[in-house]
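Asks: Next one to model:
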Amino acid sequence: MELQRAAAKISLILIVIFLLSFVGLSVEAADKENCLMCHKYRQIGRIDEQGRKRSYFVSEYIYDNTTHRNVPCRDCHTYINKLPHDPVTEEVNCANECHIKPPFSSENFSHKKIIDVYNKSVHGIKPTDSPDLKAAKPYCKYCHMNPLYTKVEEERVASTSLNRCLNCHERKGVTQAYKHITHRLRHKTSRSPQEVVQLCTKNCHADLDLMKKLRVSEESMEAVETYGRSIHGKAVMLGSQAAADCISCHATNAIHDIYKKDELQATVNKRNRAATCRQCHTKVNDRFVRIDVHSSVGHSSKKPVLYFVNLGLGIAFYGSVFGLVGLAILESFGRRRDGICMQIKKGTSWRGVPKGGPKNE
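Replies: Numbering: from 1, shown residues only. Modelled structure (predicted):
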């Protein structure tokens, strides 16, 4: 009996040591420079100059399962060169070179190419921008955070196209790279159309006070409203995953290359609209691309044809609806006057015989 108890204790101790060894490996993988020595505490933080509470807590478990799980902290926070470090005064530069290499590459990974495209776009900060415009323009962290990485079982990845690759390469690395690349070929972004529209409108383009402050054009002021009234906007609001969102028309597969429509490289520039529309539509001609997607009904003096056509269609639609409702009400009163009662029973709503009874021929 004593031997059994001793063996059970030893087994328990070995199990605990085994589990702790895995925890230690996870911490080492996610935090190579031991930043979690301080940032692992949930209450770590401070009150900033504006009176807001800033939390500096980092969950090792969550970080170890995010997109940036293999990136050492100082690959982004390069200004930190001692511990404990001084108060953070610099923004993270997403164009920094990381100390990791992507599959099948000899160069360290960097977002610099994407940053270069972004800087040239309408969202990039220009030397001539006003202070208000510089503050309003979205930087990387406005759209991108540090999302959880969804691991995919190797068995779920179709291997038919990979058979030749697997003759030389290990299955795990090739299948993960294959999934990543083919996903990007099939979809323009990882977000749904609904998420894209919300991202573009929520804190920026739908904020009319901000748009007025930045002195945007009247057309841009109405862009969110007119998109919502368009066939694209209505389809997205109804849950469509195929209808055009903001990025579908205003950017190429580079995603970040959004320009004003008057610029020649803009996807919505009149010379590029046909190629943009052909992403979804097959029969595209010169007349098709002249359709105003963000058309505003406006006033009769600005767009008289559109205004009166829209007014006529509205009268016809609502006239038909209210006319049918009125006809149903009149018929109901007429039947009740003749002694026929309305009852939901046995598959019919009308019971009884008219006061005059059935007429004999």
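
Asks: since we're on residue 129, how many residues are nearby?
Replies: Counted with other C-beta atoms under 10 Å, residues neighbouring residue 129 total 14. Where C-beta positions appear, they are placed from N, C-alpha and C, glycine not excepted.

Asks: check contacts around it.
Replies: If a contact means C-beta atoms under 8 Å, 6 or more residues apart in numbering, then residue 129 has residue 137 as its contacts.

Asks: go again using 10 Å as the cut-off
Replies: Contact criterion C-beta atoms under 10 Å, 6 or more residues apart in numbering gives 135-137, 214 as the residues in contact with residue 129.

Asks: repeat for residue 269
Replies: Listed by C-beta under 10 Å, 6+ apart, the contact partners of residue 269 are 259-263, 276.

Asks: and with 7 Å instead?
Replies: 261, 263 (C-beta atoms under 7 Å, 6 or more residues apart in numbering).

Asks: doesn't it fall inside a strand?
Replies: No - assessed with DSSP: H, G, I helix; E, B strand; the rest coil, residue 269 is coil; it does not lie in a strand.

Asks: For it, give its distance to residue 310.
Replies: Using C-beta to C-beta, to the nearest Å, residue 269 is found at 27 Å from residue 310.

Asks: cool, and residue 246?
Replies: Following C-beta to C-beta, the distance that separates residue 246 from residue 310 is 24 Å.

Asks: And the two? Which one has more around it.
Replies: Neighbour comparison, residue 246 and residue 310: the larger count goes to residue 246, with 22 against 14 (by other C-beta under 10 Å).

Asks: Now do the phi/psi pair for that one.
Replies: Taking degrees, to the nearest 10, you get phi -60, psi -50 for the backbone angles of residue 246.

Asks: My read is that it contacts residue 198, right?
Replies: No - shown here, residue 246 and residue 198 do not form a contact pair, counting by C-beta atoms under 7 Å, at 10.0 Å.

Asks: What ranges does the stretch 1-150 of the chain have for its strands?
Replies: With DSSP state E, counting those that start in this stretch applied, the stretch 1-150 of the chain shows strands at 45-47, 53-55, listed in chain order.

Asks: In the last one, which residues are buried?
Replies: Judged by neighbour count using 16 or more other C-beta atoms under 10 Å, strand 53-55 contains no buried positions.

Asks: on contacts alone, who are the packing partners of it?
Replies: In terms of contacts (3 or more C-beta pairs under 7 Å, 6 or more residues apart in numbering; DSSP states H and E), strand 53-55 is packed against strand 45-47.
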